[in-house]
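Student: Pasted the sequence and its predicted model underneath.
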Amino acid sequence: MCTVIIHVPPSAAEPARLLAVRDEDPARPWRPLGEWWPERPGVVGVQDVRAGGAWLAADPTTRRLAVLLNRADRGELAADAVISRGVLALDSVAGRSPGEEPPTRGFNLLEVSPGAARVVSWDGASRRIVRIPPGTHMIAHDEVDDPATARITHWLEHFRLSAPVDGPEWYAPWLAVLARSAELGPLDDRAIIRDNTPHGYPTLSLLVCAASVGPDAVDVRAADLPVPGVWSPLTLR
């Protein structure tokens, strides 16, 4: 039940900005933002150690970035026929988007490159591609700006009114909104910093990433939450 906030600029000459919150089982091993894939030189990301893939990946050479969010699955693939979704973000930054019938469980894959952003969605039965128009949007486990997702209906306008600023800490206004959102508590359905265990998932918010994807560069910064599911002031590096 991860959450992404993205601002798509009106011009390809300007960078896209995004803030991503990762929810995962704290017991599942992972590595923080870094270069973990020798076979993919230069690619940085947050690695899932068990399967070897990435939750978020970025390639400064291709100036592409991808973030993986889980989605409900209604497919009928046997467990031994399913591959890890973690390969999707790595393939995406290399220019290979998911095909018509990816052999994975359901997902929303956010793909960002200079001047373009889109979500490739798969629910185990059908694949859809939604291009994200200019403006500020939110994505979680369902549709872009999904009106049935409480955290989106509650916070989207707050993010839209807190535009990124100039400078290396452009994301500061969004972090301020994230801090305010944590006043709800991690069990509130409107929360962005979450404890999903009451919903039947063993996941809590673990990590916050900010990324800028422009025509000249990709910049990604991240910070771990000291206590899973509990907000603390963060310094993104």
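Tutor: That came through fine. Residues are numbered from 1 along each chain as shown.
Student: For the rest of this, base every contact and every neighbour count on C-alpha atoms.
Tutor: OK.
Student: Contact partners for the nearest residue to residue 3 once chain neighbours are set aside?
Tutor: Excluding the flanking residues, the one nearest residue 3 by Cα to Cα, 6 or more residues apart in numbering is residue 140, at 4.7 Å. Neighbour list for residue 140: 1, 2, 3, 4, 69, 149 [criterion: Cα atoms under 8 Å, 6 or more residues apart in numbering].
Student: Any chance of JSON lines for those residues, columns pLDDT, neighbour count and distance to residue 185?
Tutor: Formatted as JSON lines, the contacts of residue 140 follow (pLDDT from 0 to 100; neighbours: other Cα atoms under 10 Å; distance: Cα to Cα, whole Å):
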{"residue": "1", "pLDDT": "81", "neighbour count": "21", "distance to residue 185": "16"}
{"residue": "2", "pLDDT": "97", "neighbour count": "25", "distance to residue 185": "16"}
{"residue": "3", "pLDDT": "98", "neighbour count": "23", "distance to residue 185": "16"}
{"residue": "4", "pLDDT": "98", "neighbour count": "24", "distance to residue 185": "19"}
{"residue": "69", "pLDDT": "98", "neighbour count": "26", "distance to residue 185": "22"}
{"residue": "149", "pLDDT": "98", "neighbour count": "18", "distance to residue 185": "17"}
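Student: helices or strands up against the host helix or strand of residue 109?
Tutor: Take DSSP states H and E as the rule and residue 109 turns out to sit in strand 107-113. Counting contacts by 3 or more Cα pairs under 8 Å, 6 or more residues apart in numbering; DSSP states H and E, strand 107-113 packs against strand 64-70, helix 86-93, strand 116-122.
Student: winner for burial among these?
Tutor: Among the helices and strands packed on strand 107-113, ranked by average contacts under mean count of other Cα atoms under 10 Å, first place goes to strand 64-70 (a mean of 26).
Student: Adjacent strands (with direction) for that one?
Tutor: The strands beside strand 64-70 in its sheet (DSSP bridges) come out as strand 54-59 (antiparallel), strand 107-113 (antiparallel).
Student: Out of those strands, which gets nearest to residue 24?
Tutor: Among the strands paired with strand 64-70, the nearest to residue 24 by Cα to Cα is strand 54-59 (9.8 Å).
Student: Determine the angle, from 0 to 180 degrees, between the closest one and helix 86-93.
Tutor: For strand 54-59 against helix 86-93, the angle by axes from the mean of the first three to the mean of the last three Cα atoms, to 10 degrees is 20 degrees.
Student: centre of the chain versus strand 54-59, how much separation?
Tutor: Distance of strand 54-59 from its chain centroid, counting by Cα atoms, centre = their mean, to the nearest Å, is 9 Å.
Student: likewise stretch 103-120?
Tutor: Distance of stretch 103-120 from its chain centroid, counting by Cα atoms, centre = their mean, is 10 Å.
Student: Let me have the helices and strands packed on strand 107-113 in a markdown table, extended by distance to residue 108.
Tutor: Shown next, in a markdown table, are those (distance: least, Cα to Cα, whole Å):
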| stretch | distance to residue 108 |
| --- | --- |
| strand 64-70 | 5 |
| helix 86-93 | 10 |
| strand 116-122 | 5 |
